[in-house]
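Participant: 3D, please:
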Amino acid sequence: MTRPSSAFDATMNSTGTDRPVIVFDILGTLVDQAGSLRRQVSAVTGWDEVSATRVVTTWLDLVAKREREIISGSSAFAPSHVLDAEALERIAAEGELPMTAVQPLSDAAQRLEPWPDAVEGLTRLAADVTLMGLSNASRRVLTGLSGRSGLRWHQVLSAEDANTYKPDPAIYRVALSAAPVDAPPPYFVAAHAWDLRAAAKAGLRTAYVPRPNGDPPGDNDTFELYAENLIELHAKLRN
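Facilitator: Numbers count the residues shown, from 1 in each chain. Okay, the predicted model is just below:
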């Protein structure tokens, strides 16, 4: 795995009239998706961490399967809050979750907790760059997150804006089309190597930030920037 020494120098030295644009993945990168859902399942059911983790793993696997079906064209697009509800109802129907837990968990994605560095990191970055979010989450979920989490961005884009899910190239093109035409290609920041590979193929530059339950780079992955957290990301941008 190669770690290039250059970071945001070209971006910060741009002579364009617009500020540099940094695009962030949200689920798993800015917020603790799996951990937050596990804690909410435990709170609703009273179950221990092992049991709650089993439900969340099945839940996220079912949603990912539906997303792949939508990307392939074998299923019509549905926003993430609908996929969440479908997954919860199926888990409950199979006896792995109380039916009474489905409704209180149906909007759990709106209450995902930010990683400890996320709020401060985005606040620092917002002083120097234009921040965009690009997420598989629906507009409804992103609105809830915006109101509850304290996360800051200047624009947030949803899978609903492309009628598909990452890693379909179309969703990254939505972010590219929203960036100023005279600015350098935006950096895409994520904790998932699969997400960064797809973003790079679509024309975005890439920055990897590790998170628990993320997808770490493989030996053959080369991203333009590596930072341990958003505070370090901001520091590298400023240098």
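Participant: all strands for the chain, in order.
Facilitator: 21-24, 31-32, 113-114, 130-135, 155-158, 187-190, 205-208, 225-226 (DSSP state E).
Participant: what packs against the fifth one?
Facilitator: In other words, strand 155-158. Contact partners of strand 155-158 among helices and strands, from 3 or more CB pairs under 8 Å, 6 or more residues apart in numbering; DSSP states H and E: strand 130-135, helix 139-149, helix 169-178. Backbone N, C-alpha and C define where each C-beta goes, glycine included.
Participant: Highest mean neighbour count out of the strands of the chain?
Facilitator: Of all the strands of the chain, strand 187-190 has the most neighbours on average by mean count of other CB atoms under 10 Å, namely a mean of 28.
Participant: Highest mean neighbour count out of the helices and strands packed on strand 155-158?
Facilitator: For the helices and strands packed on strand 155-158, the largest average neighbour count (mean count of other CB under 10 Å) is found in strand 130-135, namely a mean of 24.
Participant: Sheet partners, orientation included, of that strand?
Facilitator: Applying DSSP bridges to the sheet, strand 130-135 is found paired with strand 21-24 (parallel), strand 155-158 (parallel).
Participant: Quick one: residues in contact with it.
Facilitator: Contact partners of strand 130-135, identified using CB atoms under 8 Å, 6 or more residues apart in numbering, comprise 18-27, 30, 122, 125, 142, 151-159, 166, 171-172, 174-175, 178-179, 186, 188.
Participant: Could you point out which of the strands paired with strand 130-135 sits nearest residue 221?
Facilitator: Taking CB to CB, strand 21-24 is the member of those nearest to residue 221, at 18.4 Å.
Participant: can you give me how far the closest one is from the chain middle?
Facilitator: 12 Å (CA atoms, centre = their mean, to the nearest Å).
Participant: Right, I'll leave it there.
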